[in-house]
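Engineer: After the sequence you'll find the predicted model.
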2 protein chains.
Amino acid sequence: MTAAGEPEDAPPRPARRAPARRAAAPTRTTMADIARRLGISKAAVSYALNGQPGVAAATRQQVLDVAAELGWYPSSSARALSGSETGVVGLVLSRPPDLLTIETFFMRFLAGVEKVLAERGSSLLLRVIGEHPDAEAQTYERWWGERRIDGVILVDERYQDLRLPVIERLGVPAVLCGGPVRGSTLPCLWTDHAADAATVAEHLVGLGHRRIAHVSGPTRFVHERARRRGLKRAVTALGASLQVRECEYTGPQASEVTRELLSRSDAPTAIVFGSDVMALAGLAAAAERGVAVPGRLSVVSWDDSHLTTLVHPAVTALWRDTPAYGALAASILLDLVEGRHRGSTQMTPSTLMVRETTGPVTAGEPST
Amino acid sequence: MTAAGEPEDAPPRPARRAPARRAAAPTRTTMADIARRLGISKAAVSYALNGQPGVAAATRQQVLDVAAELGWYPSSSARALSGSETGVVGLVLSRPPDLLTIETFFMRFLAGVEKVLAERGSSLLLRVIGEHPDAEAQTYERWWGERRIDGVILVDERYQDLRLPVIERLGVPAVLCGGPVRGSTLPCLWTDHAADAATVAEHLVGLGHRRIAHVSGPTRFVHERARRRGLKRAVTALGASLQVRECEYTGPQASEVTRELLSRSDAPTAIVFGSDVMALAGLAAAAERGVAVPGRLSVVSWDDSHLTTLVHPAVTALWRDTPAYGALAASILLDLVEGRHRGSTQMTPSTLMVRETTGPVTAGEPST
DNA sequence: TATGTCGGCTTAACGGGTTCAGTACACTGG
DNA sequence: CCAGTGTACTGAACCCGTTAAGCCGACATA
């Protein structure tokens, strides 16, 4: 029977297939509940709850009270469905999984991102995948397609970055930690690696070092190339020489490279490592060979973390406020989502924390 | 300007502002587009896309083709709104932010969680907050209220855990990494800390150590108490003595405690640290005092990570497959969300990785 | 032939917010 | 007294899937 049978105006629906998923699902309160309770319309409730004009102050207060009393929360799905934002920001980390476990950079970065997101009522949707930039782009495409996110934070800028064209094609609000990139309008958050390099070079050359080495991370990352280039220039300008080695961000590789460097006839008297983990591995390699630090070898890490002060001797390192970096990235993104394009932003330069692994050359110059 | 209401009774979410047009929002394709294109109804499209019966194979194929062609993705909001799951799992880390930056445990755990979630098509909603268990519970309540998540993973079990009553009241599917807890029906993922303790005790006593110390993490964490108790029992049973110190999971604190222990007349000949970070700090403290490791002091870490092999000497540590731990937690939770309650599960025991920081007592017994 | 059973597809009603176009009423000013 | 301007609030459409229920034609069975 269709509408013919003159049913009561509001016949209580007879149990429609209980979803039964959720354990003890006590139907959660909706705006309609609040409206019914106060005898007003859903729309009025909506205006009241969102601070929109069009409701009397007294009514608004009643709505807020009842909402609090009933423990109402806005359904994020319903909100998102009506075209507003989702309140979620996406971040994909594509690095070899075991690397993330030793590198604390991202944890610090995330802490900063989180702080801002929490303050501004957003959340982070996180995915950790192996190093497959195309899979990363696909993840963004999917999240965006599913309307799960308002925007994304791009980390680990690469050359010929496959993610950028996808991001631009989709029109996803995004902030790039790196850059700026030619031909892209993405807001960038960039670092002056050359300035940092100069700081390191001045410190080491000032201590008397003339043969310096740089054990860098993989040059598929833009920042590694920028650092290498900057260091080369700065060291050379100061009249010293720089030899460069490249390796992955892992301990064993850094150790091996360090051993190789130390066994050369023109072994460097100072090594600048691309990360704290690499620096520690280098220190261990030096310790194994009985090379005194900083007596015969000075060590600098191009990234600071608690690690560097956890060991003895404590490692001289370039420090930057990584949580603040993440925080800034998040706030640039949220601004963009809200329609305020901030353009490119530069991070404040790093500070060299001089600790116990750098010092003047004391042992016999041409070490055997 | 916010709503002119009471500031105390904070509305559940920040008032939203201008609609904020999306960058270059090219209206994303919906099922209706597919339906229109093929001249069939939305419902038919839905059945086709979801593998439901009721559509001819040919039609289904056409639908799939067009969907692929138009780059259609289901709107997660619309899906969630119609009662199905959200495909999102929540995880709140409430630890002092700077701790997360040095402790890699969570990163490894997350990697495992992520792996399973990705395989099963879910995502992780992450929040990192300071150590406020009540705020953590509030976050869950809010996420659940907003229908953002299908379930949560609870880490860092505490005594008198404030989160459990909230979780049970809300009926949120959850898995507890710890436990089991009396009077709770939550599925647990527990570790036999006593067995691990016995492994460590046997190793150290077997090497001849009789005065052993344990520098543990804060006992507000259930696992720390379990470890301490287990170690006490095992060491005593083997005829040795154990002195215990408690401190936060930070390097400086662990260093200080180590210094204190080493300066006692009955200084231990072996120390078991609660984490790898603490062990490294302890090693640094020993190095500063010129205490040879393992000659005069053996060191064991109750948690293994790349850190322990990054330094020289490499640290003997209890290893467990932390990513697998996270993966298991995630899969138990997803099962629960899908209606399969797995009950309590026990992790496989840890393995003691004997490295360079443990050895027989060689130097003069009653160290000065 | 009348009836029953399917397969294949349509219609429409949700779900829980947002928002536009009104409506009802009060107050102001001419 | 009436137009004019607000303010407070209502109704209903809409966002985009899911799903119960209904309809129609084809084929099988009695």
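Structural biologist: Thanks, I have the structure now.
Engineer: which ones are touching residue A:345?
Structural biologist: For residue A:345, the contact set (CB atoms under 8 Å, 6 or more residues apart in numbering or on different chains) comprises A:187-190, A:328, A:332. For the C-beta atoms, the positions are set from N, CA and C on the backbone; glycine is no exception.
Engineer: The closest residue to chain B within the stretch 101-250 of chain A: neighbouring residues, count only.
Structural biologist: Of all residues in the stretch 101-250 of chain A, the one sitting closest to chain B is residue A:145 (2.9 Å; CB to the nearest CB). The number of residues packed around residue A:145, counting by other CB atoms under 10 Å in any protein chain shown, is 17.
Engineer: who's in contact with it?
Structural biologist: Shown here is residue A:145, whose contacts under the criterion CB under 8 Å, 6+ apart are B:28, B:71-73.
Engineer: hang on, isn't residue A:129 packed against residue A:135?
Structural biologist: Yes. Using CB atoms under 8 Å, residue A:129 is in contact with residue A:135, at 5.6 Å.
Engineer: quick one: which of those two has more around it?
Structural biologist: Here residue A:129 and residue A:135 are set side by side on neighbour count (other CB under 10 Å), and the busier one is residue A:129, at 20 against 15.
Engineer: And the pLDDT at the more buried one?
Structural biologist: Looking at residue A:129, its pLDDT stands at 83.
Engineer: Now the closest residue to it other than its chain neighbours, what are its backbone angles?
Structural biologist: Spatially, and ignoring its direct neighbours in sequence, residue A:129 is nearest to residue A:94 (5.0 Å; CB to CB, 6 or more residues apart in numbering or on different chains). Reported as degrees, to the nearest 10, the phi and psi values for residue A:94 are phi -110, psi 100.
Engineer: quick one, helices of the stretch 251-368 of chain A?
Structural biologist: Defined through DSSP state H, counting those that start in this stretch, the helices belonging to the stretch 251-368 of chain A, from first to last, are A:251-262, A:276-289, A:306-310, A:322-337.
Engineer: any idea which of these scores lowest on pLDDT?
Structural biologist: Of all the helices of the stretch 251-368 of chain A, the minimum mean pLDDT falls on helix A:306-310 (a mean of 89).
Engineer: Check the gap between residue A:264 and DNA strand C for me.
Structural biologist: Using CB to the nearest atom of the strand, to the nearest Å, residue A:264 is found at 66 Å from DNA strand C.
Engineer: Any part of the helix or strand encompassing residue A:65 near DNA strand D?
Structural biologist: If you go by DSSP states H and E, residue A:65 is part of helix A:57-70. Yes. Residues of helix A:57-70 are located near DNA strand D by CB under 7 Å from any atom of the strand, namely A:57, A:59.
Engineer: same question for that helix, mean pLDDT?
Structural biologist: The average pLDDT within helix A:57-70 is 95.
Engineer: And the helix or strand just after it, what does it pack against?
Structural biologist: Scanning the chain past helix A:57-70 towards its C-terminal end, the next helix or strand to appear is helix A:76-81 (assignment: DSSP H and E). Secondary structure elements in contact with helix A:76-81, counted by 3 or more CB pairs under 8 Å, 6 or more residues apart in numbering or on different chains; DSSP states H and E, are helix B:76-81.
Engineer: which residues touch the helix it packs on?
Structural biologist: Residues from elsewhere that reach helix B:76-81 (CB under 8 Å, 6+ apart): A:75-81, A:86, A:146-148, B:86-87, B:147.
Engineer: Okay, buried residues for that helix please.
Structural biologist: Neighbour-count burial for helix B:76-81, counted by 16 or more other CB atoms under 10 Å in any protein chain shown, picks out B:76-81.
Engineer: which residues touch residue A:28?
Structural biologist: A:73, B:145, B:147.
Engineer: how about the residues you listed in CSV, adding distance to DNA strand C?
Structural biologist: Output for the contacts of residue A:28, formatted as CSV (distance: CB to the nearest atom of the strand, whole Å):
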residue, distance to DNA strand C
A:73, 7
B:145, 9
B:147, 7
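Engineer: a markdown table please, covering the helices of the stretch 251-368 of chain A and showing distance to DNA strand C.
Structural biologist: As requested, the helices of the stretch 251-368 of chain A are exported to a markdown table (distance: least, CB to the nearest atom of the strand, whole Å):
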| stretch | distance to DNA strand C |
| --- | --- |
| helix A:251-262 | 50 |
| helix A:276-289 | 45 |
| helix A:306-310 | 42 |
| helix A:322-337 | 14 |
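Engineer: can you list these in CSV and add distance to residue A:242?
Structural biologist: Output for the helices of the stretch 251-368 of chain A, formatted as CSV (distance: least, CB to CB, whole Å):
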stretch, distance to residue A:242
helix A:251-262, 12
helix A:276-289, 16
helix A:306-310, 22
helix A:322-337, 26
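Engineer: nearest to residue A:171, of the ones you listed?
Structural biologist: Relative to residue A:171, the nearest member of the helices of the stretch 251-368 of chain A by CB to CB is helix A:322-337, separated by 11.6 Å.
Engineer: ok, and does that closest one reach over to chain B?
Structural biologist: Yes. In this structure, helix A:322-337 sits against chain B according to CB under 8 Å from any CB of the partner chain; the contacting residues are A:322-323, A:336-337.
Engineer: Distance of residue A:336 relative to residue A:124?
Structural biologist: As judged by CB to CB, to the nearest Å, residue A:336 and residue A:124 stand 16 Å apart.
Engineer: Next: residue A:261.
Structural biologist: With CB to CB as the criterion, residue A:261 and residue A:124 are 40 Å apart.
Engineer: Kindly report the same for residue A:45.
Structural biologist: Residue A:45 is 30 Å from residue A:124, by CB to CB.
Engineer: Would you mind naming what in the stretch 251-368 of chain A lies close to chain B?
Structural biologist: Within the stretch 251-368 of chain A, the positions adjacent to chain B are A:251, A:277, A:280-281, A:283-285, A:287-288, A:305-307, A:309-312, A:314, A:322-323, A:336-339 by CB under 8 Å from any CB.
Engineer: are any of those residues buried, and which?
Structural biologist: Buried among these (16+ other CB under 10 Å): A:251, A:277, A:280-281, A:283-285, A:305-307, A:309-312, A:314, A:322-323, A:336-338.
Engineer: can you tell me the residue of the stretch 151-300 of chain A closest to DNA strand C?
Structural biologist: Among the residues of the stretch 151-300 of chain A, residue A:173 lies nearest to DNA strand C; the distance is 17.5 Å by CB to the nearest atom of the strand.
Engineer: nearest residue to that residue other than its sequence neighbours?
Structural biologist: Leaving out its chain neighbours, the residue that sits closest to residue A:173 by CB to CB, 6+ apart is residue A:151, at 3.6 Å.
Engineer: picking up where we left off before, residue A:45 and residue A:124: who's more crowded?
Structural biologist: Counting neighbours by other CB under 10 Å for residue A:45 and for residue A:124 shows that residue A:45 has the greater number, 28 against 21.
Engineer: Ramachandran coordinates for the more buried one?
Structural biologist: Residue A:45 adopts backbone torsions of phi -60, psi -40, taken as degrees, to the nearest 10.
Engineer: Now do the contacts for the residue most central in space within chain A.
Structural biologist: The geometric centre of chain A, computed from its C-alpha atoms, lies nearest to residue A:109 (CA atoms, centre = their mean), at 4.6 Å. Listed by CB under 8 Å, 6+ apart, the contact set of residue A:109 reads A:155, A:322-323, A:325-326, A:329.
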